[in-house]
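Enquirer: here is a sequence with its predicted model. Questions after.
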Amino acid sequence: MDIIINLIGIALFVAVILWFWVMPTKASSSVVSGNEIINILVEDGTYKPNLVKTVVGQSITLRFIRKDSSPCASIVIFDGLDVSKELPINQPVEIKLMISQPGEYKFTCQMGMYQGVLIAT
Amino acid sequence: MSADMHSDKKINAEQIQLALEGVSCAGCVSRIEKALQAVDGIESVAVNLADRTAQVDGTANVETLIQSVKDAGYGASEIQSVEQHQEEAEELEKKHYKTLLRKCFLALSLGIPLILWGLITGDMAIASVKAQVAWGVIGMLTLAVMVISGRHFYIGAWKSFLNHSANMDSLIGIGTGVAWIYSMVVVLFPFIVPEEARAVYFEASAMIVGLVNLGLALEVRARGKTSQAIKKLIGLQPKTAKVVRDDKEIDVLIDAVQVGDIIRVRPGEKVPVDGEIIEGATSVDESMLTGEPMPVQKQVGDEVVGATINQTGTVLYRATRVGAETALAQIIQMVKQAQNSKPSIGRLADKIASVFVPTVLLIAVVTALVWFNLGPEPRIAFMLTAATTVLIIACPCALGLATPMSVMVGVGKAAENGILIRNGEALQKSSHITTVVLDKTGTITVGRPEVTSIVAVNGLDEGQLLRLSASLEHSSEHPLAQAIVKSAMNRDIKLSKVKLFKAIAGHGVQGQVDGHYVLIGNEKFMQDNSIDIDDLVSVAQKAAEQAQTPMYVAIDKLAAGIVAVSDPIKEDSKDAISRLKKDGIRVIMLTGDNRMTAEAIAKQVGVDSVFAQVLPEHKSAKVVELQKQGECVGMVGDGINDAPALAQADVGFAIGTGTDVAMESADVTLMRGSLQSVPDAIEISRLTLRNIKQNLFGAFVYNTLGIPIAAGVLYPFIGVLLNPVIAGAAMAFSSVTVVSNANRLRLIKIGRK
């Protein structure tokens, strides 16, 4: 019994590390885009998709649709881009972006609990 | 676009209002009505030719409607004012608040009796089949409460788990879930658990769900207050405008006003949008935007700004900027943007917050194993309690909220005082300023120089000297030149034409007036032209000592006199400078003016030191010089001439730009002309930074103390192990505390008030 519980504990420990850190976040849907509009659903504590790929120098429009009534979801912030927008519930909000430098740009809620990333290549 | 995507967009809006463009006749009306009616799901359409709007009832989405109007050859946009947005958001917030409270009451109405039962009878153990049945029923009730009141936690936890991320929901979800599952195992299969560990924890699950909902509700409440500054700004905008079309005055919704519309404003009414007066004269109270208490005189050709109050006369004006283009809309936009940006002080907390939850999960697992292997009996019960408590007490919210809430309130507070801070970083840097460099003209002084004395020699009289000088300066755009011209005009002196005009930047001007060769400029300019000014030097010095700027005039190579110009010092410049010094800030004046005049002004206002005779292009070099000495420099000047120096400084303050915000790229825009805004801005930024630090400190201490205590580090020493319910209460109120502390900033009073 003791050994089983200890093994379960160790397995959980390893699983947490693997699941949250080691395994790539790519598991959620990612979209490669050119000059198109990407719908991002803000629901249940997540952005869906939470990974968007774009090409440097091409304009991209992200349309956020917030379903979550929690106040945390009410603002999306693109940290490295000095862009932030309020997201009223059920009202699509379009954010037009054109990235000039390749890299990873995080977009989060005010508290950084909702997390997404925009990768420009 | 696919049909299911449409369903994501705004549909089911019962009533949509559209502003129409290009509508001029009844024919247009029927064409647009037909086009809109052809859209699926439209019940009725009413186009109003007078105010050029369409009211559409039905269930189509806005974009389809706009497209159908465009296809018919007209333009359309949805009328939805900022205010409406705000109202809708508030309504939803209220609804959310009420839902959370309901959920809280439901959960507590099960949790509290259970807790009392445990406290009074002390009997939460499964010792008989009867107890098994009774607790089984309670377990199912708890499950029902968890599903109804805590569904959002479990769904959120699951969804983010699938996304390889974790948040507060994950902690609450796992914590309460584990407590319930363990209790249910004890109820259903008591024999697999050691006898002394056969206790149930349904009360913990119910209480925690209830308390966390309560905490969220209070947080929603408190958060609402953080955006009060924005609400105030939005509330300034009037709802309708009196548009004059075909000699008739129509009340038009503010968002249906178009550029070029002629609008009438009577005394006491608010100016609806930005525009230019085409008829009448009045005085306008612009204090709500600029903080300037004195009404501003306006006549034909002058600009009026939306949301200001017309005071004395009725005017007609043409709308030049409407909707999101108005000064007010841009101010609101800028403040909102700044409120959401983070200063670098919050970066560490952000980094921690992003790995916080998985780390807590690891700590919980380790805690469980330590209790299981080293703890006393019943070790399974201890293991469960400690691990659950760790999960519940950890509060990523407090950490994540610490910075943004204070920035939101601080930036809003500044905006209320006519100070627009561009972003969180500017706010943070403003709090570190050690030296403030003030441009003289327009910053310390009013920026409208006037002629204060004229000394004529060599047989000329004052009038003649002024006439020749003003005639020459008429071709110059320099503020000092304009002062001379204005002085001549005031005396009704007729000016002559100038030939061969030439301006030498930083020195003076020359040209031919009425056949005379006239030179006006500084001492160096006279020396360069070999003019003997020995007789005038003492007069010039005397003028300079009185803070006037003397200009030598020479006619036909002979010294002819001096025109001294003085730019009055703003009323409260001295107080503002002494406030800065009291805050431990070094104050330096920067000017192109001559040293003596500059020093005289510096002495009057109490400036520490002076950089005089600095050419405009060298201003930013002076800032660099100070930065090299290790100073954190705030540069105050007008946004146009001083732009390079403002950009070079650690914080650039553009002063007195009134409502022309869009032009500015300064870190801080001071909408009112008074220098007092500078110490105000620094004070607000210092207080905000202090508030952020308090919040961050509180959140760090809470988590770094709370988690180990929850894990039971105190147990071996003083036998203390937290109850998960207490952990739930602590967690719920820690984030409320952060938001409330940020709200305290709203109540601060800054220096001069």
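Expert: Nice, thanks for sending it over.

Enquirer: count of neighbours near the nearest residue to B:Thr441 once chain neighbours are set aside?
Expert: Leaving aside its chain neighbours, B:Thr441 sits nearest to B:Gly447 (5.4 Å; criterion: Cβ to Cβ, 6 or more residues apart in numbering or on different chains). Just so you know, the C-beta spots here come from the backbone N, C-alpha and C atoms, and that holds for glycine as well. Per other Cβ atoms under 10 Å in any protein chain shown, the neighbour tally for B:Gly447 reads 18.

Enquirer: from B:Leu106, how far out is B:Val212?
Expert: For B:Val212, the distance to B:Leu106 (Cβ to Cβ, to the nearest Å) stands at 13 Å.

Enquirer: and B:Ala26, by the same measure?
Expert: Note on B:Ala26: its distance to B:Leu106, by Cβ to Cβ, is 58 Å.

Enquirer: what about these two, which has more around it?
Expert: Between B:Ala26 and B:Leu106, counted using other Cβ under 10 Å, the more crowded position is B:Leu106 (19 against 10).

Enquirer: OK, contacts around that one?
Expert: The contact partners of B:Leu106, taken as Cβ atoms under 8 Å, 6 or more residues apart in numbering or on different chains, are B:Val145, B:Ile148, B:Ser149, B:Gly210.

Enquirer: wasn't it part of a strand?
Expert: No: the assignment for B:Leu106, made by DSSP: H, G, I helix; E, B strand; the rest coil, is helix rather than a strand.

Enquirer: who are the packing partners of the strand or helix carrying B:Val624?
Expert: Remark: B:Val624 resides in helix B:619-628, with elements defined by DSSP states H and E. Identification of packing neighbours for helix B:619-628 by 3 or more Cβ pairs under 8 Å, 6 or more residues apart in numbering or on different chains; DSSP states H and E yields strand B:435-439, strand B:586-590, strand B:633-637, helix B:643-648.

Enquirer: hey, least reliable of the ones you listed by pLDDT?
Expert: When mean pLDDT is averaged over each of these, helix B:643-648 scores lowest at a mean of 86.

Enquirer: so is that helix next to chain A?
Expert: No: contact check for helix B:643-648 against chain A, using Cβ under 8 Å from any Cβ of the partner chain: none in range, with a minimum separation of 16.0 Å.

Enquirer: quick one: that helix to chain centroid distance?
Expert: Between the centre of helix B:643-648 and the centre of its host chain there is 22 Å, according to Cα atoms, centre = their mean, to the nearest Å.

Enquirer: OK, contacts around B:Thr142?
Expert: Taking Cβ under 8 Å, 6+ apart, we find B:Thr142 in contact with B:Leu110, B:Trp180, B:Ser183, B:Phe202, B:Ser205, B:Ala206.

Enquirer: ok, the second one - contacts?
Expert: To tie it back to what came earlier, the one meant is B:Trp180. With contacts defined as Cβ under 8 Å, 6+ apart, the neighbours of B:Trp180 are B:Gly139, B:Thr142, B:Leu143, B:Met146, B:Tyr201, B:Phe202, B:Ser205.

Enquirer: can you name the residue of chain A nearest chain B?
Expert: A:Met111 (2.8 Å; Cβ to the nearest Cβ).

Enquirer: is it true that that residue lies in a strand?
Expert: No: under three-state DSSP, A:Met111 sits outside any strand and is assigned coil.

Enquirer: wait, it sits on B:Pro404?
Expert: Yes: using Cβ atoms under 8 Å, A:Met111 is in contact with B:Pro404, at 7.0 Å.

Enquirer: and the pLDDT for residue 27?
Expert: Reading this off chain A. We have a pLDDT of 45 for A:Ala27.

Enquirer: that's the other chain; I wanted chain B
Expert: In the prediction, the pLDDT value recorded for B:Gly27 is 78.

Enquirer: most packed of the helices and strands packed on helix B:619-628?
Expert: With neighbours defined by mean count of other Cβ atoms under 10 Å in any protein chain shown, none of the helices and strands packed on helix B:619-628 is more surrounded on average than strand B:633-637, at a mean of 29.

Enquirer: quick one, what contacts the residue of the stretch 251-400 of chain B found nearest chain A?
Expert: The shortest separation between the stretch 251-400 of chain B and chain A is 2.8 Å, found at B:Gly400 (distances taken as Cβ to the nearest Cβ). By Cβ under 8 Å, 6+ apart, the residues touching B:Gly400 are A:Gln110, A:Met111, A:Gly112, A:Met113, B:Ala349, B:Asp350, B:Ala353.

Enquirer: which SS class is the residue nearest the centre of chain B?
Expert: In chain B, the residue lying closest to the centroid (Cα atoms, centre = their mean) is B:Val335, at 2.6 Å. Secondary structure state of B:Val335, per three-state DSSP, is helix.

Enquirer: next one: B:Thr312
Expert: In terms of secondary structure, B:Thr312 is coil; the call rests on three-state DSSP.

Enquirer: that one: neighbour count?
Expert: Here the number of neighbours of B:Thr312 (other Cβ under 10 Å) works out to 14.

Enquirer: so which residues of chain A form helices?
Expert: Here chain A has its helices, by DSSP state H, at A:2-17.

Enquirer: where does it dip in pLDDT?
Expert: Counting by pLDDT under 70, chain A shows low-confidence ranges at A:24-35.

Enquirer: cutoff 80 now
Expert: For chain A, applying pLDDT under 80 flags the ranges A:1, A:23-36, A:44-45, A:69-72, A:79-82, A:90-91, A:110-113.

Enquirer: ok, now the stretch 1-150 of chain B?
Expert: Along the stretch 1-150 of chain B, the model assigns pLDDT under 80 to residues B:1-17, B:19, B:21-27, B:48-53, B:58-62, B:77-89, B:122-125.

Enquirer: quick check, A:Ser100 in contact with A:Val56.
Expert: Yes: assessed by Cβ under 8 Å, A:Ser100 is found in contact with A:Val56 at 6.5 Å.

Enquirer: the two - which one has more neighbours?
Expert: In terms of neighbours (other Cβ under 10 Å), A:Val56 is the more surrounded of A:Ser100 and A:Val56; the figures are 12 against 8.

Enquirer: which residues touch that one?
Expert: By Cβ under 8 Å, 6+ apart, the residues touching A:Val56 are A:Ile99, A:Ser100, A:Gln101, A:Pro102, A:Ala120, A:Thr121.

Enquirer: remind me, longest strand of chain B?
Expert: When chain B is parsed with DSSP state E, its longest strand is strand B:558-566.

Enquirer: does anything pack onto that strand? Which helices or strands?
Expert: Contact analysis of strand B:558-566 by 3+ Cβ pairs under 8 Å, 6+ apart lists strand B:450-456, helix B:462-473, helix B:479-490, helix B:534-545, strand B:549-555 as its packing neighbours.

Enquirer: name the strands paired with it and say parallel or antiparallel.
Expert: Sheet pairing here is set by DSSP bridges, and for strand B:558-566 it gives strand B:450-456 (antiparallel), strand B:549-555 (antiparallel).
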